[in-house]
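Visitor: coords please:
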Amino acid sequence: MQVTLLVGNGFDIQAGLKTSYSEFYDYLREKSLEDKSLRQNAIFTEINKDENLWSNFEIALMELTKRCDLHDESALTVDKLAKDKDEIEDYLGEYLSNVNKEYNVEHYSKDIIKEFKRSFSVLISILPLQRQGEISEILNLQSNTSTIWVNIIDFNYTSLFKDAFELLPNNSPIAEIKELTNSNRKLQVKKRIGGYVKLHGDTKANMNLGGHDSQISESVRESEYRFFFDKEALEHENGTNKYKTAKEFINATNLYFVLGMSLGETDKVWWERIADIVSNNTQRALVILEYDSNESINNKPYLRQPSINRVKDRFLNYATELSDTQIESVSERIFVQYNSKLFNLGSVGTIVEEK
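Guide: Numbering: from 1, shown residues only. You can find the predicted model right below:
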């Protein structure tokens, strides 16, 4: 059986890294004091500095493409927007590279390994007992399944999750999951060889920032820079096969986990694909690990259930090609868990103090 974990910026934030857009914007403001070019950057001056989620940052960027008009000389030109985006990406790579260094993975390696092993061992048992039983039945864990192979699709530009994951052994189990039946059998959790992809590049190469084709203005789509704003097209131009690899992971997966992601529109291609695959195979399921500032939300049904329904609806809004019957079937196999604190490196490491 294969499990795929899709990891987003919430993981970094939980670890204590300052990777929110508002924090990056503060960094840009400081840099702009000495950089005239940045002060004239359309993205820097126009995108709402109060946005806290990267998905909203990218949506704002896509909205900015609509200010480009090939036939209006007074409008923002596609050429300038492309150059401005490239400048912002350089600053983003510089900023996140410095932020990434603030977590000393080597120093906390033993604690990180312990936390990752713990997290993999309770991937399913963090859910309420009834939900555990439902997943067990959906996945048919009572069968001869003895090994769970793990794939990772890392959406972050930082390397923290990858650095932590690589501390785990490659050729032996990284954890054991107690089978969710009355037997004492345990399922071994192992890395799948070649099962890791950093989907959007990193702070040093092939950074992939943008949206999808339908979000881009007609003027930009008609220009030579179309690929630069469309994530999938940019990945194709980079030629790294990361999207192809990620799609292969998703196609072969039985159980998906979404960790630290906002289910934003700029990544809709992945939510559409997962919804489609789950709809066509009743032995597949999705677990969405959500964060809520109310620590007691799991103990308050009047807060928890409406919140779970909203998360499901947000995901299913991307299932535009499915029938009502299919959507209902998928909804029954979506599980939402709040404040699981899995892979919580903030609990085992501390940010390096400035000297």
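
Visitor: okay, the helix or strand Gly194 falls within in CSV with CA atoms only?
Guide: According to DSSP states H and E, Gly194 maps onto strand 186-198. The C-alpha trace of strand 186-198 is given here as CSV (Å, rounded to 0.1, in the frame of the first residue of the first chain):
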residue,chain,number,x,y,z
LYS,A,186,1.7,-4.3,12.8
LEU,A,187,2.3,-2.6,9.4
GLN,A,188,5.8,-1.5,8.6
VAL,A,189,6.3,2.0,7.2
LYS,A,190,9.1,2.4,4.8
LYS,A,191,10.4,5.0,2.4
ARG,A,192,9.7,4.2,-1.2
ILE,A,193,13.0,4.5,-3.3
GLY,A,194,12.7,7.6,-5.4
GLY,A,195,9.6,8.6,-3.5
TYR,A,196,10.5,12.2,-2.8
VAL,A,197,9.9,15.2,-5.0
LYS,A,198,10.4,19.0,-4.2
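
Visitor: for Glu235, which non-adjacent residue is closest in space?
Guide: Leaving aside its chain neighbours, Glu235 sits nearest to Tyr243 (4.7 Å; criterion: C-beta to C-beta, 6 or more residues apart in numbering). All C-beta spots, glycine's among them, are computed from the backbone N, C-alpha and C.

Visitor: please export the C-alpha coordinates of stretch 166-175 as CSV.
Guide: Extracted in CSV, the C-alpha atoms of stretch 166-175 (Å, rounded to 0.1, in the frame of the first residue of the first chain):
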residue,chain,number,x,y,z
GLU,A,166,16.6,12.1,4.9
LEU,A,167,17.7,11.4,8.5
LEU,A,168,15.4,8.3,8.5
PRO,A,169,16.9,5.0,7.2
ASN,A,170,16.4,4.0,3.6
ASN,A,171,16.6,0.3,3.8
SER,A,172,14.7,-0.5,7.0
PRO,A,173,11.3,0.4,8.5
ILE,A,174,11.0,4.0,9.7
ALA,A,175,8.0,3.3,11.9
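
Visitor: how about the strands in the stretch 101-250 of the chain?
Guide: 147-154, 175-178, 186-198 (DSSP state E, counting those that start in this stretch).

Visitor: give me the contacts around the helix or strand bottoming out on mean pLDDT in the chain.
Guide: Every helix and strand of the chain was ranked by mean pLDDT, DSSP states H and E. The lowest is helix 54-64, at a mean of 82. The contact list for helix 54-64 (C-beta atoms under 8 Å, 6 or more residues apart in numbering) reads 8-9, 21, 42-43, 46-48, 51, 76, 81, 85, 209-211, 215-216, 229, 262-267.

Visitor: likewise stretch 126-145?
Guide: 1, 124-125, 179-181, 187, 254-255, 282-285, 287, 333, 335, 337, 340, 342.

Visitor: one more time with 7 Å
Guide: When contacts are defined by C-beta atoms under 7 Å, 6 or more residues apart in numbering, stretch 126-145 is touched by residues 1, 124-125, 179-181, 187, 254-255, 283, 285, 333, 335, 337, 340, 342.

Visitor: residues contacting the closest residue to Pro169 other than its chain neighbours?
Guide: Once flanking residues are discounted, Pro169 sits nearest to Lys191: 7.8 Å by C-beta to C-beta, 6+ apart. If a contact means C-beta under 7 Å, 6+ apart, then Lys191 has 150, 168, 170, 174 as its contacts.

Visitor: which residue ranges of the stretch 1-150 of the chain form helices?
Guide: Taking DSSP state H, counting those that start in this stretch to define them, one finds helices in the stretch 1-150 of the chain at 9-15, 21-32, 36-39, 42-46, 54-64, 78-100, 109-121, 129-139.

Visitor: mean pLDDT lowest where, among those helices?
Guide: Note on the helices of the stretch 1-150 of the chain: lowest mean pLDDT is at helix 54-64, with a mean of 82.

Visitor: quick one, that one and helix 78-100 angle?
Guide: Using axes from the mean of the first three to the mean of the last three C-alpha atoms, to 10 degrees, the direction of helix 54-64 lies 170 degrees away from that of helix 78-100.

Visitor: can you give me the buried ones in helix 54-64?
Guide: 54-62, 64 (16 or more other C-beta atoms under 10 Å).
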